[in-house]
Every structure is written in C-alpha cells, then in structure tokens.
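Engineer: model this:
(one chain, ligands or ions: 1)
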Amino acid sequence: APLRVAVVGAGMMGADHVSRITQRISGAEVVAVVDPDTARATAAAATAPGAKTYAAFEDALADAQLDAVIIATPGFLHEPVILPALEAGLAILSEKPLSETVESSLRIIEAEQKLDRPHIQVGFMRRFDKGYLELRELVKSGANGALLALHCAHRNPSTPPNYSESALITDSVIHEIDTVPFIVGEPIVSVEVKKPRRNSLAPGGLLDPQFVLLETVSGVLAIVEINVNVQFGYQVTTDAVFESGVASIGRAETIQIASAGAIGQSVTPSFKERFGAAYDVEVQRWVDAAHKGEIDGPSAWDGYLASVVADAGVLAQQSGKKEPVTYALEKPAFYETTSSLAT
Ligand code: ISE
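Structural biologist: From the prediction side, this is the model:
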C-alpha cells in the first residue's frame, strides 16, 4: 500500500512537495495538508486527490492514519511537529534546518534515540544533486591531488519577510555547512564572517552580502559568498581548487543563445528549479526507504552537526572573529546507517 503522508506547512516548499509526491513519486500519497492558513492548505491540497486539510498537525495525526510526515514549516517550528511524529513512530522528512538551535537539535536526537532506529531524514537536498555527488567522488578519487579550497556562491534573487542577519547562516549557509563536510569528508572546525559593502537593495538594513569562511580539520578552506538580494535569479555554484586541477559545478546547463549582439543563458528563478531533480531523488529515496523501515539520506545526526556549526557562525557574525566549532557529542552507534548519503 502507498505510504500515507502528511505535508505540514503549505508554503512554497510544502506545496512543491505535495505536487511532487502526487505527480512524480511512486509508493506514496498525500492524505493530509496541514497549515493554519486554510486558504494556503486548500490551494496546496488541490493538486492531491483525496488529501484533507487540517489547521494543526495533532488533528491530522488523530484523523488521517498517517505513516509519514514531511515538515516544511520554518525551522523554528520543526521541533513541535517532530516530537509527536517520533512518538507516533512516523517516517519523517524534515526540511532543513533540523532546528534553529543546538538545544532543540539535541532534544530531537535524544527523543529519536528512544526508538529502535533512526526515523528522521533531513532535507539537505544538495546531497542528492548530481554535481555535488560528482565533486565528492572526484575528491575521494584523488585524481587531481588533494583538495585545497572551495569557492562557493549562494545567491538568491531576494529575501522573504522576517529574514534576519542570523538567517543568512541558519537558513541559507546551512546548506554549505552541510555540503562542505559531505564533499571534503571531514568536519568543520572553525567559522569566520567578513562583511563587505552592503547591497542597498537588501530590505530592512540587512547586511547582505557576507563571506563565510568554513575551515575543515585538515585545513581545507571554503569561502562562501552568501548574497541573497541579487535580483537576477537563483544561482548556486562551487569551484573546487585541487593540487593539480580545478572543478566547477552549478553553472547553467541550459542552451546558450547568441543574438542581437549578446550571448545569453537563462538563470533558474528559485531553488525549486535549480534543485528540482535533487528533490525528486531525495523524496523517492525517502519513500522507498520508509517502506523498509529505514532512512536513505542525511540523518538527524547530520542536522545536529550543522546546528553546531551554525551556532558558531552566528557568533562569528557578531564577534568578527574566527570562532572554533566544538561538538559536545561523539556520534552515537544509533546513527550508523547503511545510507551512502548520511554521515
Ligand atoms: C531557503 O530556505 C533554502 O533552503 C534555499 O535553498 C536557500 O537558497 C535560501 O537561502 C533559503 O532561505
């Protein structure tokens, strides 16, 4: 029988997951869409025949005979859904970040470890993107010698309301905080933040762009340009500097057209298009694994690690200094998984 999924949060990402499951994923159906904004819930549910709408997750849990939940609310609202979902034994796909604070991430992994096995997969979709996977293989192969540094550009057209300076780290750079150790194969040990001249087009005085320097154990340095009011589109690229070569991912693979005295190529408008294929693979693998009582992607442990680095990053934004990253916990045996995409 198909996995009975509730999608909690019917914003851009939640609505995208509803149509993804309904139109492109096999082995799952959306039976509940949860959002306190009834109009939003109804609009998202319209693409899923048979889905009911609920104002609160508890109502869906009591009514809809759920097997699984996708959580696509803002990060600070993840824990109040994750904890009852764990208690109900559901398969969980939580959008990033797992949570916005280390304390909350710790509560989540403690609650999860009361179960027999990991139930939570975290929506770090870049781990499913072809470019990142190829780069990770290239690093492992050693074909170009050792990896020395990464230039990462993370550009968004504009920021949503309520987006704050710390969100640059906790909501946006959290992706590089996850992918850098994934590519390099070792943890981040320090974070430093530099703030160039402000883009006057950034709303509310936001100090945008920023450069976030992530350093790994062996000294690989990732320089992340977080730049979220670029106006022109959604662009995420990485250039990897090796001892004997440079590798680049994320440049537009679309047609290049020369016309009227210029050469042009389109830029994806949002993360939905840039990472659409990665989201499809992520959700299909999550569904297939859930049928077997497993996860197949980054775990809540990866979510916890990222939250520790993000904490140091927010501190570094304030202090202007290089901040060390200290992980209070060793990886519990509970989180040893067979998924090639978990840490
Ligand atoms: C958003 O929540 C995402 O996850 C996007 O991938 C990222 O580019 C954006 O900056 C975040 O706000």
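Engineer: make it CA atoms for all contacts and neighbour counts henceforth
Structural biologist: Fine.
Engineer: Could you check the pLDDT of the most centrally placed residue in the chain?
Structural biologist: By C-alpha atoms, centre = their mean, the chain has its centre lying nearest to residue 124, at 3.2 Å. Here the pLDDT value assigned to residue 124 is 98.
Engineer: Verify the stated contact: it with residue 178.
Structural biologist: Yes: counting by C-alpha atoms under 8 Å, residue 178 is a contact partner of residue 124 at 7.3 Å.
Engineer: for the residue nearest to the centre of the chain, phi and psi?
Structural biologist: phi -80, psi 80 (degrees, to the nearest 10).
Engineer: Pull the contacting residues for it.
Structural biologist: 95, 96, 175, 178, 298 (C-alpha atoms under 8 Å, 6 or more residues apart in numbering).
Engineer: just checking, which of the residues you listed belong to strands?
Structural biologist: residue 95 (DSSP state E).
Engineer: Most widely separated two among the contacts of residue 124?
Structural biologist: 95 and 178 (13.0 Å; C-alpha to C-alpha).
Engineer: So between the two, which is more surrounded?
Structural biologist: residue 178 (26 against 22; other C-alpha atoms under 10 Å).
Engineer: which residues touch the more buried one?
Structural biologist: Counted by C-alpha under 8 Å, 6+ apart, residue 178 has contacts 124, 302, 306.
Engineer: Can you tell me the element the last one falls in?
Structural biologist: Under the criterion of DSSP states H and E, residue 306 resides in helix 300-319.
Engineer: And the next helix or strand past that helix?
Structural biologist: Counting by DSSP H and E, the element after helix 300-319 in chain order, helix or strand, is strand 323-324.
Engineer: still on that earlier bit, of the contacts of residue 124, which are in range of the ligand?
Structural biologist: Applying C-alpha under 6 Å from any ligand atom, the subset of the contacts of residue 124 adjacent to the ligand is empty.
Engineer: Turn the contacts of residue 124 into JSON lines, including pLDDT and distance to residue 235.
Structural biologist: Below are the contacts of residue 124 laid out as JSON lines (pLDDT from 0 to 100; distance: C-alpha to C-alpha, whole Å):
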{"residue": "95", "pLDDT": "98", "distance to residue 235": "20"}
{"residue": "96", "pLDDT": "98", "distance to residue 235": "19"}
{"residue": "175", "pLDDT": "98", "distance to residue 235": "13"}
{"residue": "178", "pLDDT": "98", "distance to residue 235": "18"}
{"residue": "298", "pLDDT": "98", "distance to residue 235": "23"}
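Engineer: which one of the contacts of residue 124 is nearest residue 163?
Structural biologist: Among the contacts of residue 124, and counting by C-alpha to C-alpha, the member closest to residue 163 is residue 96, at 15.4 Å.
Engineer: Can you give me the domain assignment for this protein?
Structural biologist: 3-126+277-299, 130-274 (automatic domain parsing).
Engineer: looking at those, which is buried most?
Structural biologist: domain 3-126+277-299 (a mean of 20; mean count of other C-alpha atoms under 10 Å).
Engineer: ok, back up a step: could you say what helices and strands the helix holding residue 306 packs with?
Structural biologist: Helix 300-319 makes packing contacts with helix 102-112, strand 120-123, helix 174-184, strand 188-194, strand 323-324 when contacts are defined by 3 or more C-alpha pairs under 8 Å, 6 or more residues apart in numbering; DSSP states H and E.
Engineer: Helices along this structure, start to end?
Structural biologist: Counting by DSSP state H, one finds helices in the chain at the ranges 12-23, 38-45, 57-63, 79-87, 102-112, 130-141, 165-167, 174-184, 271-274, 276-291, 300-319.
Engineer: how many degrees apart are the first one and helix 38-45 in direction?
Structural biologist: Yep, that's helix 12-23 we're talking about. Calculated by axes from the mean of the first three to the mean of the last three C-alpha atoms, to 10 degrees, helix 12-23 forms an angle of 30 degrees with helix 38-45.
Engineer: so does helix 12-23 get close to the ligand?
Structural biologist: No: for helix 12-23, no contact with the ligand is found by C-alpha under 6 Å from any ligand atom; the gap never falls below 8.5 Å.
Engineer: That helix to helix 276-291, inter-axis angle?
Structural biologist: Going by the same axes, to 10 degrees, helix 12-23 makes 70 degrees with helix 276-291.
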